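Novice: Below are the sequence and a predicted model for it; my questions follow.
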Amino acid sequence: MALLHLDSVSLTYPGDDLPAIANLSLTINQGELLAVVGPSGCGKSSTIGLLAGLTPVTGGLLTLNGNPIVAPGPDRAVVFQDYSLFPWMTALDNISFALQESGRATGKAAKHEARKLLDMVGLGSYSHKYPAELSGGMRQRVAIARAFALDAPVYLMDEPFGAVDARNRVSLQELLLKLWTGDGNKKTIFLVTHDIDEALYLADRIAVFTPGPGRILKLIDVPFPRPRRRFFLVQDPHYISLRNEILSLLQKEILEELQQVEGGAGI
Ligand SMILES: Nc1ncnc2c1ncn2[C@@H]1O[C@H](COP(=O)(O)OP(=O)(O)OP(=O)(O)O)[C@@H](O)[C@H]1O
């Protein structure tokens, strides 16, 4: 069932001549995990801003459940790369505050629920620590636990694992899959990533964006059954060919853009 729908959406920031996004059309189904890859500046974060209701569209129509998106709402949670935790609150308080703000729990119940979430992300014994006392990977775990404390139907994730090392990235990906499927009632996830392997491992579909103005160059179905097993997946010839296809789509776009800038010299 279609949940998010972008119909010829365009965005031109105030004062800009050129649009950041032009004629972007896409339907995202309920429970789908859609990954977006594309060169830097192609409008991925801007699309998250539109879906979150933080930025108004300047053309086209953007709907959630058939209703135009005009403002942020509790039906959409956003996770950024930079953790965005409150530095003056402990890990536990960051999560219980989110639970209270969303009206999901108050007082002791909020603390209890927050503790369960911290346990789930493997940080049960770090509940009293402040963000500055945690490693980058731990902070992002808390940020993800806090986002999932909101129990929103839609998650908009902008390079959520971009700032963590490869090992932490793998475990955060597993965590994301666990939270996505939750109690069997899947969330809908729009995940921006620069990592093609991450997109292929996590997503149901991958949208490859063109350089600005952002549009979809290709929508790719990721056919691998779940649960996926990394070790076998990366050796699967179909995986290798999909990976190469995405890489060459991105490289072609980047080379064409460079040729326009450099007049083709040396490329
Ligand atoms: N708040 C803003 N005001 C004006 N222009 C903006 C704003 N945010 C983004 N832009 C412009 O919109 C275009 C798309 O930027 P955006 O951040 O959406 O790209 P991106 O694909 O997420 O890039 P990256 O992968 O580097 O994060 C760029 O040309 C950028 O300069």
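Specialist: Okay, I see it.

Novice: any idea where the helices of the stretch 101-250 of the chain begin and end?
Specialist: With DSSP state H, counting those that start in this stretch as the criterion, the stretch 101-250 of the chain has helices at 107-120, 136-149, 166-181, 196-202, 230-233, 237-262.

Novice: Would you mark the buried spots in stretch 51-65?
Specialist: By neighbour count on 16 or more other Cβ atoms under 10 Å, the buried set for stretch 51-65 is L51, A52, G53, T55, V57, T58, G60, L62, L64. To be clear about C-beta, it is placed using only N, CA and C from the backbone, and glycine gets the same treatment.

Novice: again, but for stretch 12-20
Specialist: Across stretch 12-20, burial judged by 16+ other Cβ under 10 Å covers T12, P19, A20.

Novice: Strands - which of the residues you listed land there?
Specialist: Judged by DSSP state E, strands contain none of the buried residues of stretch 12-20.

Novice: could you pick out which of those residues are near the ligand?
Specialist: A20 (Cβ under 6 Å from any ligand atom).

Novice: ok, of the buried residues of stretch 12-20, which one's closest to the ligand?
Specialist: A20 (3.4 Å; Cβ to the nearest ligand atom).

Novice: Just confirm that closest one contacts G43, I think it does.
Specialist: Yes - with contact defined as Cβ atoms under 8 Å, A20 reaches G43; the gap is 4.9 Å.

Novice: Where does the stretch 101-250 of the chain get nearest to the ligand, which residue?
Specialist: For the stretch 101-250 of the chain, Cβ to the nearest ligand atom, closest residue to the ligand: G212, 5.1 Å.

Novice: Mind pulling up the pLDDT for that residue?
Specialist: pLDDT for G212: 71.

Novice: can you pull the contacts of it?
Specialist: Counting by Cβ atoms under 8 Å, 6 or more residues apart in numbering, G212 touches L18, P19, A20, G41, C42, G43.

Novice: what's the spacing between the closest residue to A22 other than its chain neighbours and D16?
Specialist: The shortest distance from A22 to any residue other than its chain neighbours is 3.8 Å, reached at P213 (Cβ to Cβ, 6 or more residues apart in numbering). P213 is 10 Å from D16, where distance means Cβ to Cβ, to the nearest Å.

Novice: Over to L4?
Specialist: For L4, the distance to D16 - Cβ to Cβ - is 25 Å.

Novice: same thing with E113?
Specialist: Counting by Cβ to Cβ - E113 and D16 are separated by 43 Å.

Novice: before we move on, what about T90?
Specialist: 41 Å.

Novice: what's the answer for P56, then?
Specialist: Noted for P56: a distance of 14 Å to D16, by Cβ to Cβ.

Novice: again, but for V9
Specialist: Using Cβ to Cβ, V9 is found at 16 Å from D16.

Novice: likewise E256?
Specialist: As judged by Cβ to Cβ, E256 and D16 stand 22 Å apart.

Novice: Test my guess that L118 contacts L134.
Specialist: No - counting by Cβ under 8 Å, L118 sits too far from L134 to count as a contact (11.3 Å).

Novice: More neighbours: which of these two?
Specialist: Shown here are L118 and L134; by other Cβ atoms under 10 Å, L118 has more neighbours (24 against 19).

Novice: residue contacts, the more buried one?
Specialist: Counting by Cβ under 8 Å, 6+ apart, L118 touches A91, L92, I95, G124, Y126, S127, V142, A145.

Novice: Just put the residues you listed in CSV and tack on distance to F232, neighbour count and pLDDT.
Specialist: What follows is those, written out as CSV (distance: Cβ to Cβ, whole Å; neighbours: other Cβ atoms under 10 Å; pLDDT from 0 to 100):
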residue, distance to F232, neighbour count, pLDDT
A91, 35, 29, 96
L92, 38, 21, 96
I95, 35, 31, 94
G124, 32, 14, 91
Y126, 33, 18, 96
S127, 37, 19, 95
V142, 32, 27, 92
A145, 30, 24, 87
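
Novice: Select from those residues every entry located in strands.
Specialist: Among the contacts of L118, no member falls in strands (DSSP E).
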